Each structure stands twice: as structure tokens, then as C-alpha cells.
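Undergrad: need a 3D model of the sequence below.
(2 chains, ligands or ions: 2)
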Amino acid sequence: MEKETTAVEIKNLWVKINGRSILEDVNLKIKEKDFLGIIGPNGGGKTTLLKVIAGLIKPYRGEIRVMGEDRIRPGYIGYVPQYAYFDYEFPITVEEVVLSGRLKHKKGRRFSAADYRIAHDKLKQVEMYSFRKRQIGELSGGERQRVLVARALAVEPKILLLDEPTASADKGFVADFYELLCELNREMTIILVSHDITAVSRYVKTLACMNRTLYYNEDKILTYELMEKVYPCPVDLIAHGIPHRVLMPHEGVVGER
Amino acid sequence: MMDFLQYDFARQAMLAGVLVSIACGVVGTYVVVKRIVFISGSMAHIAYGGIGLGYFLGINPIWGAFAFTALSAWGIGFINYRAGQKEDTIIGIMWAASMALGIILIQMSAGYTADLMSYLFGNILTVPREDLIFTGVLDIIILLVVYCFFEEFRAVAFDEEFARTVGVNTEKIYLLLLFLIAMTVVVMIRAVGVILVIALLTIPPTIAAQYTSSISRMMLISVLLGSIFTVGGLWLSFYLDLASGATMVLLAVAGFFISLALRGIKNRRLMVVEERNNFYENG
Ligand SMILES: Nc1ncnc2c1ncn2[C@@H]1O[C@H](COP(=O)(O)OP(=O)(O)OP(=O)(O)O)[C@@H](O)[C@H]1O
Ligand SMILES: [Mg+2]
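TA: Ligands and ions are numbered 1, 2, ... in the order given. Next up is the predicted model:
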């Protein structure tokens, strides 16, 4: 085996938006080829953390290194956003959207035949190849989400950031999708944000909980205490394939609202 | 049409119309797809302050307009990345301030009020030859820039956030786009005037968008439509003895409604065909 390197290293990270602290003292170290699942309540800061790693939000304080470098290099990160904020009427086809993942790889002005081949491969991986000539607005929510996954894969990233990619996917695709992630995981590091704790705990290698700060203990064991810290409500939980029901008294609401 | 073409000034005005339509169709396409109509409109009005300054200093007002819009492009780009949600309020203030400044400056350099109308409503018949050359050069610059950065412009217009994660310098690309808009607005002022710029910048791409989902085809259709509206409007205004800029704009607006109606008919026919198919399938 090649030597283990660190894919993402975050030290004492603080993020403030309009003077309000969103992330507080986050520390994280992810090995290369790791598969980290992040769960946590709404507003816990999961999206914010991914955006910091993707270089979209500047930290208020702290240090972040991606693949050992403190400047984020284009081509390292493949980002799948939680919500697509673009205009659905925009004159762009599915194929062109996926090609935009090749922007920094293209030499010269236009995309090469190789870029097209990669874009088509990724579209096939998410079973959207036959939709490639459609305008982006002529897709359903789940189909659009798959296209965004293909776009992130087209970057051929070292680290894949997925923000609730299965939120509007059907059951059939969810299973296939996690299989695809496991396959991709042989080549790249994956960080997955999801509310689907069952699926997450089945497929990921390490697990973290996020609520303002990150609770993370290097392995996949979700302890009762950890869940209690993060979630204000009882949750169904499967760890190591054994279903547990974590019940907590409702009056003891933890975490600020 | 023939006797109209006899006149030298008429031929020159037509050429001006086509040259302006090239800039306006290409840049207008981005304005429409990125939904920055308000920003573009504000730049046209901010130019008025520059026109006033030009009069005041006794230089060609087009240069004053150019300086003001270029400066505003830079300012708007800066605000976009620094000021958060208050962007449109600040732009609105710049718009009002610059127009007010223009009016005061022109008042202080009295004696030019007749010409003033031509900047507000345009007069393509009085476009001097040097402005024609200026427009031609600008067309070449715009086409070159768009040719070189076509993919980057599309990515930034479509999804700026993702473009940033793959390492596109989105701030620079957006600023470049704002400068292209600034230059286009200035050459359009001569033809249709400050107040009507927005119509000619946005109507052709809006019509084009109904027929294609490709940016390059949208640009091509917009340039053709723009040329039809400017040249056609000029010709109409000549025979009906109307203000040329306003006639062009009204022709464009008419074109917009005709295209809407045509599309409505086409959709209804599709629906009828579909209904018929359903009927046969179910029956
Ligand atoms: N642009 C913004 N301006 C102000 N506050 C923001 C902004 N973006 C996020 N926040 C705040 O930051 C906090 C964390 O948001 P974030 O989107 O990271 O949560 P999340 O864990 O992804 O939630 P969800 O599960 O709902 O997706 C929330 O309290 C939110 O209100
Ligand atoms: Mg989120």
C-alpha cells in the first residue's frame, strides 16, 4: 500500500456570518480514500463546512489544508450542492452542464474530445446519458440532482463533497448510488452529508455529527452520548448493522434553536 | 426603401444600426440569461452623468459617458462581492445621483439643450463617422472576448458557485462581462438614447430564448432581430416622420408580442395534437 496521506485537515476553524458564529472550533482530519459521513440537525452547519472545504466560504479563524496544501487547487474538489440555485430556464443542456466540470482541465478555448468522453462516462454512471441533449429545466428534481453528481465527477476530483445528494432520489437509485459511491471511494476521498442515518452508517467508513461544532471520533461508532449532544429528538439508529432505537426524553432539548 | 437609400446619411445610419445590433445581441444575451437587466439599465442612466461632464468640459460627451459607465461597472462588480444584499439599493442610488449630476452639469454649461434630447432618446441619423468606427472596433473586441471566454462566461452566468469550486476566477469574468455591458450601453446611447437602451438590449434575446436553448444560437438570432428592428425602425421613422429611437423600440416591442402570439398558437396546436393522440390511444 502507498503511504497514507491526509486529504483534509482542519484546525480550530471558526466561521462567522454577519457577526454570528456558525461554526465553532471545528477540528477534522480525514485520511485519503476515507469515506466520511456527516449527520446533524437542520442549521447545524453541515453545508457551511462543505463550502469552507470547497473554498466558497472564507473562515473567520483557523486553518484548512486540502491535500496538504493551504491553497485550494482547482481540480481537487468535486462539489455537489444541496440546492441548485441556478435558473431552470437557462439555455444550457445536460451535457453542457456536466462539461462545466472540465473547465479547468480544458486546454485552450473549447472542450476537447477527451473532455466530452469523460462527461459522457459520468452521465452513464448516473444513468442520465440518454438525457444529455435536454435543456436542464426539462428534468425532474431527482434527475437534476444526478446531473449535478455527474458534473462533480467530471472534475475527476481527489475529494468528492456531497450535500444530501439523495434528498430527492427514488429508492431504486439510492441503492445504486451508494454502490457507485463505494466504487468511487477506491479512487477518491468522499465526504457525504445526509439525513439518512441508516444508509450513512451502512456505507461510510467514518462518521461525524455536526451541530455548530463537529463531534468526531475517528471511527464509525455512534455513541448514545454523541447523539444526545447533537440531536434534540429521538432518532432511529443503526450502527454496525444492528438496529438500535435511541430514545431520549423529549423535555431535555439539547442544542439551541 | 430605394429612395430612402439614396441618402448618404441614411446608409450611414443603417450601418450604425447593424453595428450596434451586433454588440447588443451578443452582450444582451448574457444580460438576459444572467438576469442583470436592472444593472444594465442603471449603467445606461449612469452614463448620463458622463454626458453632462462631457458638455461641461467641452469634450465629446461619448467619452464622458464611457468613463462613467466603465467606472460604474467596476463599482457594481465591487459591490456585488462585498456589500451582500444591499446591492440593488446602492446601484439605485448611483443611478439617481449620476442622472442628477448630469442634469446640473448640462444646466451649468447652457446652450446645448437641443442636443440633449438626442442623448435621452437617441438620434441615429446624426451619428458621426468617428462614432461608427468606434462601434465597429467595439464589436470586434466584444466578439473576440466572447469567443475566447465563451465557456467561462456560460459557467459563471449559469452557476457561479460551482464555477468557483473548479477554479474559475468568477469575479474577473463577471467584471469583464460588466465592462462589455458598459461599452455596449455607450454605443447604444447614440442610436436609441439612455432611456431606450434597455429595450433594445433585452427584447431581441428574450424573443430568441423562446426558440432555442443554446447561447450561441441565441446570440445569432438576437443580432439578426436587432438589425431588423433598428433598420426597419429607421425606415419607418423616415416615412412616418417619427423619432427614430422610439420607433425602433416600438417595432421591437411589436416583434416581441408577435412572437409571443406565434408561440401561443404553436403550443395550442401541439396541445390539440396531443389531445387527439390521447383520444386515439384511449379510444
Ligand atoms: N448566508 C447566510 N446568512 C446568514 N446565516 C446563514 C447563511 N447561511 C447559513 N446560515 C446559518 O448558518 C447555520 C448553518 O447553516 P447550514 O446551511 O450550514 O446548515 P445545515 O447543517 O446544512 O442545515 P440543513 O440540514 O438544513 O441543510 C444556520 O443557522 C443558518 O441559519
Ligand atoms: Mg445543508
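Undergrad: every contact and neighbour count from this point should use C-alpha atoms.
TA: Will do.
Undergrad: what are the bridge partners for A:Val8, then?
TA: A:Ile30, A:Val66 (DSSP bridges).
Undergrad: gap between it and A:Ile38?
TA: 14 Å (CA to CA, to the nearest Å).
Undergrad: the two: which is more packed in?
TA: Comparing A:Val8 with A:Ile38 by other CA atoms under 10 Å in any protein chain shown, the one with more neighbours is A:Ile38, at 26 against 20.
Undergrad: touching, that one and A:Ile190? I think so.
TA: No. Using CA atoms under 8 Å, A:Ile38 makes no contact with A:Ile190, being 10.7 Å away.
Undergrad: what is the neighbour count of residue 99?
TA: Since you didn't name a chain, this refers to chain A. Residues within reach of A:Leu99, counting by other CA under 10 Å, total 26.
Undergrad: oops, chain B please
TA: Other residues close to B:Met99 by other CA under 10 Å number 22.
Undergrad: got it, and A:Leu56?
TA: A:Leu56 - counted by other CA under 10 Å - has 15 other residues nearby.
Undergrad: and it, what does it touch?
TA: B:161, B:164-165 (CA atoms under 8 Å, 6 or more residues apart in numbering or on different chains).
Undergrad: cutoff 10 Å now
TA: A:48-50, B:161-162, B:164-165 (CA atoms under 10 Å, 6 or more residues apart in numbering or on different chains).
Undergrad: dihedrals phi and psi, it?
TA: Dihedral angles of A:Leu56 (phi, psi; degrees, to the nearest 10) stand at phi -90, psi -20.
Undergrad: just the pLDDT at it, thanks.
TA: According to the prediction, A:Leu56 has pLDDT 91.
Undergrad: show the residue spans covered by the helices in chain B.
TA: Remark: helices assigned in chain B by DSSP state H are B:2-5, B:8-33, B:37-57, B:61-82, B:87-108, B:113-121, B:129-148, B:150-158, B:160-165, B:170-192, B:197-209, B:215-240, B:244-282.
Undergrad: between the second one and helix B:170-192, how many degrees?
TA: This points to helix B:8-33. 150 degrees (axes from the mean of the first three to the mean of the last three CA atoms, to 10 degrees).
Undergrad: about what we covered before: could the helices of chain B be laid out in a markdown table, adding distance to A:Asp70 and mean pLDDT?
TA: Shown next, in a markdown table, are those (distance: least, CA to CA, whole Å; pLDDT from 0 to 100):
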| stretch | distance to A:Asp70 | mean pLDDT |
| --- | --- | --- |
| helix B:2-5 | 66 | 71 |
| helix B:8-33 | 35 | 94 |
| helix B:37-57 | 36 | 93 |
| helix B:61-82 | 23 | 90 |
| helix B:87-108 | 31 | 90 |
| helix B:113-121 | 52 | 75 |
| helix B:129-148 | 31 | 92 |
| helix B:150-158 | 25 | 95 |
| helix B:160-165 | 15 | 94 |
| helix B:170-192 | 20 | 92 |
| helix B:197-209 | 43 | 95 |
| helix B:215-240 | 37 | 95 |
| helix B:244-282 | 52 | 78 |
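Undergrad: now distance to A:Pro91 too, for those helices, in a markdown table please.
TA: Shown next, in a markdown table, are these (distance: least, CA to CA, whole Å):
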| stretch | distance to A:Pro91 |
| --- | --- |
| helix B:2-5 | 38 |
| helix B:8-33 | 8 |
| helix B:37-57 | 17 |
| helix B:61-82 | 24 |
| helix B:87-108 | 25 |
| helix B:113-121 | 32 |
| helix B:129-148 | 16 |
| helix B:150-158 | 9 |
| helix B:160-165 | 15 |
| helix B:170-192 | 18 |
| helix B:197-209 | 7 |
| helix B:215-240 | 6 |
| helix B:244-282 | 17 |
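Undergrad: now those as a markdown table including distance to ligand 1?
TA: Below are these laid out as a markdown table (distance: least, CA to the nearest ligand atom, whole Å):
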| stretch | distance to ligand 1 |
| --- | --- |
| helix B:2-5 | 58 |
| helix B:8-33 | 24 |
| helix B:37-57 | 22 |
| helix B:61-82 | 13 |
| helix B:87-108 | 15 |
| helix B:113-121 | 40 |
| helix B:129-148 | 32 |
| helix B:150-158 | 19 |
| helix B:160-165 | 13 |
| helix B:170-192 | 18 |
| helix B:197-209 | 30 |
| helix B:215-240 | 30 |
| helix B:244-282 | 37 |
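Undergrad: please name the nearest non-neighbouring residue to B:Val146.
TA: B:Phe153 (7.7 Å; CA to CA, 6 or more residues apart in numbering or on different chains).
Undergrad: residues near the one you found, how many?
TA: Here the count is done by other CA under 10 Å, and B:Phe153 has 23 residues near it.
Undergrad: and what of the one 5 residues further on?
TA: Burial of B:Phe158 is recorded as 22 neighbouring residues (other CA under 10 Å).
Undergrad: next one: phi and psi at the closest residue to it other than its chain neighbours?
TA: Take B:Phe158 and drop its neighbours on the chain: the residue closest to it by CA to CA, 6+ apart is A:Phe86, 6.1 Å away. When read as degrees, to the nearest 10, the backbone of A:Phe86 gives phi -80, psi 170.
Undergrad: A:Met210: which element?
TA: Assigned by DSSP states H and E, A:Met210 falls within strand A:206-211.
Undergrad: a helix runs through A:Glu187, doesn't it?
TA: No. Counting by DSSP: H, G, I helix; E, B strand; the rest coil, A:Glu187 is located in no helix; its state is coil.
Undergrad: how far away is it from ligand 1?
TA: 26 Å (CA to the nearest ligand atom, to the nearest Å).
Undergrad: what about the residue in the stretch 51-200 of chain A that chain B sits nearest to, is that helix, strand or coil?
TA: Among the residues of the stretch 51-200 of chain A, A:Pro91 lies nearest to chain B; the distance is 4.1 Å by CA to the nearest CA. With three-state DSSP as the basis, A:Pro91 sits in coil.
Undergrad: how many other residues sit next to it?
TA: 22.
Undergrad: grab the nearest non-local neighbour of B:Leu5.
TA: B:Arg11 (5.9 Å).
Undergrad: burial measure for the one you found, as a count.
TA: 15.
Undergrad: spit out the contact partners of it.
TA: B:4-5, B:17, B:125, B:231.
Undergrad: can I get the buried ones among these as something I can paste into ChimeraX?
TA: The following ChimeraX line selects those of the contacts of B:Arg11 that are buried, judged by 16 or more other CA atoms under 10 Å in any protein chain shown:
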select /B:17,125,231
